[in-house]
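Undergrad: got a sequence here, can you build the structure:
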Amino acid sequence: MRKLPRTRLLASALVALTAVGALAGCSRADRPQTAAANEGAATEVRLGYFPNVTHAPALIGVDKGFFTQQLGKTKLTTQTFNAGPDEVNALLGKSLDMAFIGSGPAITAFSKSEGAIQLVSGAVSGGAQLVVKPDITSVEGLKGKTITTPQLGNTQDVALKKFLAGKKLAGQVTVTTMDNPKTLDAFRKGDVDGGWLPEPWSSRLVLDAGAKVLVDEKSLWPDGRFPTTVVIVRSEFLQQHPDTVRAVLKGELAAIDWAKANPADAKTVVNGALKKLAGSSLSPAVLDRAFSGIELTTDPIPEQFPQLAQDSVTAGVAKSAVALKGFADFGPLNEVLQEAKQPAVEAPALAK
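TA: This is a model prediction of the structure:
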């Protein structure tokens, strides 16, 4: 067989290497990205939530073992937060997979992640109030006062600022952020005049520190229902481990159903969890008042999310309302609800 000249051999080799390089490059950067494949149940799921009564389904689900029962061999690792923005950062940093969180930060997480965080369930409706010193007898009386919220950009922070803007009081009320336990101490000392707070902290200020309710957030929403706490997940985790997401949602539904069937025991469990996580338990009166203002439900009340997105703009927290197309994936939840013979959640405006 005739031998090729050395120069042609080198040229052929160069062409071959270039082709291989092009294919390799295409297989990584240039090839269109596809959704993560279903890898079955996860080895571990990292779940975030707050030590608040408004996160009762999470507190009960962890304490009573409803999550672990459904997760089987998947390890459950939990972490608690004071407010939503810190939890969002944990999700974006991939140190959390799923989270019970306020509706406002849930929208923020979807926006900041460019769609890599999705809403998968509701958890709690209601349970937030503006409570103030007794001598503040009207909304106008807020002028010149200092009112707290749990954290900048959290659900209650947006609600307060939107409310003040609607009453033309923006800039006339000092809004400051403070961890909920510190708000109670500051109110007792007279350092702040009130707070827009989730349960049990609004009840604690009322019953333990002499505050009064100026605004119950329920009064601002149709039928008094609004999504205080919802469940979100990293989209990649949902795509890779849909069975694990369903298991967590089955655990949540089991916790909610158990709490509704055993209200007294549910309060005891939540109180014990709060003592373990926050260092102190609630008086029976505070516990009863806090529970009376909330509804435990997997219904995310999706029809309110466009308004919530606009509220962030009104509050000055966002420059423009987040486009919510693709925000929610209720497929796993609806499979769980169908199995439990409960109505499905329909939200085409939030779906992909």
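Undergrad: which residues belonging to stretch 273-292 are considered buried?
TA: Buried residues in stretch 273-292, counting neighbours by 16 or more other CB atoms under 10 Å, are found at 273-274, 277-278, 281-282, 286-287, 289-291. C-betas here are computed from N, CA, C, even on glycine.
Undergrad: mind checking which of the residues you listed land in helices?
TA: For the buried residues of stretch 273-292, the ones inside helices are 273-274, 277-278, 286-287, 289-291, with DSSP state H as the criterion.
Undergrad: just flag the most distant two among the residues you listed.
TA: Farthest apart among these by CB to CB are Leu277 and Arg289. That separation is 20.0 Å.
Undergrad: ok, Leu308 to Ser103 distance?
TA: Leu308 sits 5 Å away from Ser103, going by CB to CB, to the nearest Å.
Undergrad: typed the wrong thing, it's Lys167
TA: Relative to Ser103, Lys167 is positioned 22 Å away (CB to CB).
Undergrad: which parts of the stretch 201-350 of the chain are helices?
TA: Listed in chain order, the helices of the stretch 201-350 of the chain (DSSP state H, counting those that start in this stretch) span 201-209, 235-240, 242-261, 263-278, 284-292, 305-314, 331-339.
Undergrad: so who does the closest residue to Trp201 other than its chain neighbours touch?
TA: Spatial nearest neighbour of Trp201, chain neighbours left out: Asn180 (4.4 Å); criterion: CB to CB, 6 or more residues apart in numbering. Neighbouring residues of Asn180 by CB atoms under 8 Å, 6 or more residues apart in numbering: 52, 82, 150, 197-198, 201.
Undergrad: and those residues, which of them are buried?
TA: Buried by 16+ other CB under 10 Å: 52, 82, 150, 197-198, 201, out of the contacts of Asn180.
Undergrad: which pair in these has the greatest spatial separation?
TA: For the buried ones among the contacts of Asn180, the maximum inter-member distance is 11.8 Å, found between Asn82 and Leu197 (CB to CB).
Undergrad: ok, back up a step: and the ones in helices among the buried residues of stretch 273-292 as TSV, adding pLDDT?
TA: Output for these, formatted as TSV (pLDDT from 0 to 100):
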residue	pLDDT
Ala273	96
Leu274	94
Leu277	93
Ala278	84
Val286	96
Leu287	96
Arg289	97
Ala290	96
Phe291	96
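Undergrad: pick out whichever of those residues sits closest to Ser138.
TA: The closest of those to Ser138 turns out to be Arg289 (CB to CB; 23.2 Å).
Undergrad: can you tell me how far that closest one is from Lys250?
TA: Distance from Arg289 to Lys250, by CB to CB: 31 Å.
Undergrad: does Ala347 touch Ala328 like I think?
TA: Yes. The criterion here is CB atoms under 8 Å, and Ala347 meets it with Ala328 at 5.5 Å.
Undergrad: quick one: common contacting residues for the two?
TA: With contacts defined as CB under 8 Å, 6+ apart, the residues shared by Ala347 and Ala328 are 300, 302.
Undergrad: in terms of packing, which of the two has more residues around it?
TA: Ala328 (26 against 17; other CB atoms under 10 Å).
Undergrad: can you count the residues close to Gly166?
TA: 14.
Undergrad: I'd like the ones in helices among the buried residues of stretch 273-292 as JSON lines, with distance to Pro343 appended.
TA: Putting those into JSON lines (distance: CB to CB, whole Å) gives the following:
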{"residue": "Ala273", "distance to Pro343": "29"}
{"residue": "Leu274", "distance to Pro343": "31"}
{"residue": "Leu277", "distance to Pro343": "33"}
{"residue": "Ala278", "distance to Pro343": "35"}
{"residue": "Val286", "distance to Pro343": "33"}
{"residue": "Leu287", "distance to Pro343": "30"}
{"residue": "Arg289", "distance to Pro343": "30"}
{"residue": "Ala290", "distance to Pro343": "27"}
{"residue": "Phe291", "distance to Pro343": "24"}
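Undergrad: closest one to Gln338 out of those, please.
TA: Nearest to Gln338 among these: Phe291, at 28.8 Å, using CB to CB.
Undergrad: distance of that closest one relative to Lys260?
TA: In terms of CB to CB, Phe291 sits 11 Å off from Lys260.
Undergrad: mind listing the shared neighbours of those two?
TA: Common contacts of Phe291 and Lys260, defined by CB under 8 Å, 6+ apart, comprise Ala266.
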